[in-house]
Structure formats: C-alpha cells, structure tokens
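Q: 3D, please:
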Amino acid sequence: MKECCPKAPEHFAPLLGYCDHQIQKLMEKELRQYGVSPMQCHTLTYLYKATHEVNQKMLQDFLMVKPSTVNGIVDRLEEKGFLVRTTGKEDGRCRILRLTEKGRAFHGDFVRIVRQVNDRMERHFSHEELAALKVYLMRVAKNLSEETEETE
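A: Residues are numbered from 1 along each chain as shown. Here you go, the predicted model:
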C-alpha cells in the first residue's frame, strides 16, 4: 500500500484536507460516466429525498454555498436534463426545483457510488473505531463552527 504522507503532519488539518481531496477525486472518477460532479450529485440526492418543495434558497442553505454557486449547479443540472426550475406559486421570484425522470432514474447509481466511496474510506476500521472517529470529527466540526460564528 502506498503511503499518503512521508511523515505524519504536526497537526491534523492537512490530513483532513488530504482525505477530502482524495474523496473528491474518487467521487469525480466514479461520477464522470454520468457527467455530474460530486456537488451536483449531492444536490440530486437532496432533491430526491425531499418530502416538500425545494427552492434555491433551501438548496443554498443545505449545500452551505453562495447563491451564485447554487445558480451554477442548478444551471448545469437543468442543461443536462436532471432537473427543472419552475416559478413558485406564491412568489414569482422563488424558483422551485424538481427532478426530472432522468434525475430520478440515476438515484440508485448515485447511492451505489457513495456507498462504494464510503466503504473504501472505512475499510480496515472496526465499528468501535468508526464510532470514535465520528465523535472526534463531530467535535472538530463543532469547534470550527463555533469559531466561524464568533467571527461573522
């Protein structure tokens, strides 16, 4: 097995960045056949699971990105025929997002790809180790979100 780092970094932030980069590369490789990015896949999965109408603001909040980024994601998915954008009934400025049949049809493939990536990531970990890692990462996320909230 190829080593990812010649020596362990002093802090774990670079290692988290490396892991995220590797996840993105693997997801991109697996999703290439469908012509979608990991963020577009995440969007399609969110819309598939939604039990209510989803507008672009809700998607923006879910993805935690800027409105212009959501516009780009939605534009590309609409061009590819995965979703349609319609005008809201109560507010004409509001854009409601709906999956097309094509968007719904690929959900099983997307779930399979995400499962494969997760399985690869969690390989060689016991259930106890994964549970502990999740607790630690949730603590890191909480620490970082508290810092972000303090600076905004």
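
Q: just how off-centre is the longest helix anywhere in the chain within its chain?
A: Across the chain, the helix with the greatest residue count (assigned by DSSP state H) is helix 127-151. When C-alpha coordinates are averaged (Cα atoms, centre = their mean, to the nearest Å), helix 127-151 and its chain have centres 17 Å apart.

Q: Excluding residues flanking it in the chain, which one is nearest the residue nearest the centre of the chain?
A: By Cα atoms, centre = their mean, the chain has its centre lying nearest to His42, at 4.1 Å. Spatial nearest neighbour of His42, excluding adjacent residues (Cβ to Cβ, 6 or more residues apart in numbering): Leu63 at 6.8 Å. (Glycine included, C-beta is placed from N, CA and C.)

Q: Does the residue nearest to the centre of the chain touch Leu59 like I think?
A: No. Using Cβ atoms under 8 Å as the test, His42 is too far from Leu59 to be in contact (9.9 Å).

Q: Walking through the chain, point out its helices one by one.
A: Taking DSSP H, the helices of the chain run over residues 13-31, 38-49, 56-63, 67-79, 101-105, 107-122, 127-151.
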